[in-house]
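Colleague: After the sequence you'll find the predicted model.
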Amino acid sequence: MIKSLRDLPQEELFVSGHTACPGCGAPIAIRMIMKVLGKKTIVHTPACCLLVFGSTHPYTSWKVPFIHTAFENTGAVISGIRAALEIKGVEDVNVVGIAGDGGTADIGLQALSGAAERNDDVIYICYDNEAYMNTGIQRSGATPYGAWTTTSPPGKEWKVGEDRPKKDVPMIMMAHNVPYVATMSIAKPMDLIRKVEATGKI
């Protein structure tokens, strides 16, 4: 159990050299998550910011097996990876999907729901930007009420921007009766670490 940030392993599994925007919290969170999960981890990301800044061909910041596919496929791909490992008799590997809010709350919700319904032994992490940031700040299902995006700007008639409430993805996952659901923030790093540890990682 990691009791303080000093206890994190020294080995880096998501290394510098990525091209994330200055001030982005995602690479900090991913670096810490990978330190907790360790080398016996396979990571999948769909098309998203993390794919672009973390693995722009021919370079990559990942020091673990890393797979990327289309936007909507994270739940299906991590389920398939876990099934393949089980067929091979491999149990001591974390299978992790990391997707943005668009690829989770909208485009990828069907595949995520299937993985949750089957209770597949995977870890799914949504990093929530509250909009499709990679393609120009369009609203997503996770955009909160009143937020400005390029597709929900305030106007003369409707002055608040986004006119729908934020989709409650944690509650949707809880309705699937999965064993563990948590929300976390890079603003509270020890809370993030404890919650990743609580996933039952290898």
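Modeller: Yep, that arrived.
Colleague: any idea which helix is longest in this protein?
Modeller: Ranked by residue count and defined by DSSP state H, the top helix of the chain is helix 74-87.
Colleague: buried stuff in that one?
Modeller: T74, G75, A76, V77, I78, S79, G80, I81, R82, L85 (16 or more other CB atoms under 10 Å). Yep, even glycine has a C-beta here, placed from its N, CA and C like the rest.
Colleague: S185: which of those residues is nearest?
Modeller: T74 (20.9 Å; CB to CB).
Colleague: residues of the lowest-mean-pLDDT helix or strand in the chain that come out buried?
Modeller: Lowest by mean pLDDT, DSSP states H and E among the helices and strands of the chain is helix 49-54, with a mean of 92. Residues of helix 49-54 classed as buried by neighbour count (16+ other CB under 10 Å): C49, L50, L51, F53, G54.
Colleague: where does the protein dip in pLDDT?
Modeller: Along the chain, the model assigns pLDDT under 70 to no residue.
Colleague: For the nearest residue to T149 once chain neighbours are set aside, grab the count of nearby residues.
Modeller: Once flanking residues are discounted, T149 sits nearest to R139: 4.3 Å by CB to CB, 6 or more residues apart in numbering. Around R139 there are 23 other residues, counting by other CB atoms under 10 Å.
Colleague: what does the one 10 residues further on give?
Modeller: Burial of T149 is recorded as 18 neighbouring residues (other CB under 10 Å).
Colleague: next one: I202
Modeller: I202: 13 neighbours (other CB under 10 Å).
Colleague: which residues touch it?
Modeller: L37, G38, K40, T41, D92, V93, N94 (CB atoms under 8 Å, 6 or more residues apart in numbering).
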